[in-house]
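Trainee: sequence first, predicted coordinates after that:
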Amino acid sequence: ELALEKKLCQGKSAGELFRLAGGKDSCRDVIQCTAGGLQAIRCPPSLAFDLEKQTCDWRWAVTNCDKLTKEKKVKPLLVTDEPLCEQENWLACGDGVCIERGLFCNDVPDCKDGSDENACGE
């Protein structure tokens with residue numbers, strides 16, 4: 001049982017909720033990995049769990065019932081031991097390519113991996 005729990009929780013961030021099965025019939029049910037083990041959570045009737053928002057929402061508003069986990073987004077390399085970009089006021093995308101700081105969080109993906117728009121507001 002511990003091996004299964006470890007496998008289910010591998011690669012998930014702390015507190016992240018995910019599904020064991022996809023589809024409309026399973027859309028209310030999610031699982032969370034905790035220090036005490038797996039915790040099952042069920043949304044109330046007429047609600048479904050939105051994986052991207054990580055909360056229960058009206059069933060008609062949830063469009064990701066077929067997915068098992070939240071989409072993993074590539075983050076830019078903002079905190080590193082050594083500066084990655086030689087130019088002042090430039091930052092590194094998730095793939096290490098440097099772009100101007102002003103191109104980050106402008107609602108336009110300028111990095112090939114889109115990471116310049118994935119750490120805004122954090």
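Mentor: Arrived safely, thanks for sending.

Trainee: rest of the way, CA atoms for contacts and neighbours
Mentor: OK.

Trainee: ok, then the element right after the least confident helix or strand in the chain by mean pLDDT?
Mentor: Least confident helix or strand, the chain: helix 2-9 with a mean of 78, by mean pLDDT, DSSP states H and E. Following helix 2-9 in sequence order, the next helix or strand is strand 17-18 (DSSP states H and E).

Trainee: which other helices and strands contact that next one?
Mentor: Other helices and strands packing on strand 17-18, by 3 or more Cα pairs under 8 Å, 6 or more residues apart in numbering; DSSP states H and E, are strand 29-34.

Trainee: pass me the low-pLDDT residue ranges in the protein, would you?
Mentor: Scanning the chain for pLDDT under 70 picks out the ranges 1-2, 14, 122.

Trainee: circling back to that earlier point, what's next to the least confident helix or strand of the chain, contact-wise?
Mentor: 33, 37, 38 (Cα atoms under 8 Å, 6 or more residues apart in numbering).

Trainee: try stretch 11-31
Mentor: 32-34, 38-44, 47-49, 51, 54, 56, 65-70.

Trainee: one more time with 10 Å
Mentor: The contact list for stretch 11-31 (Cα atoms under 10 Å, 6 or more residues apart in numbering) reads 8-9, 32-35, 38-52, 54-57, 59, 62-70, 72.
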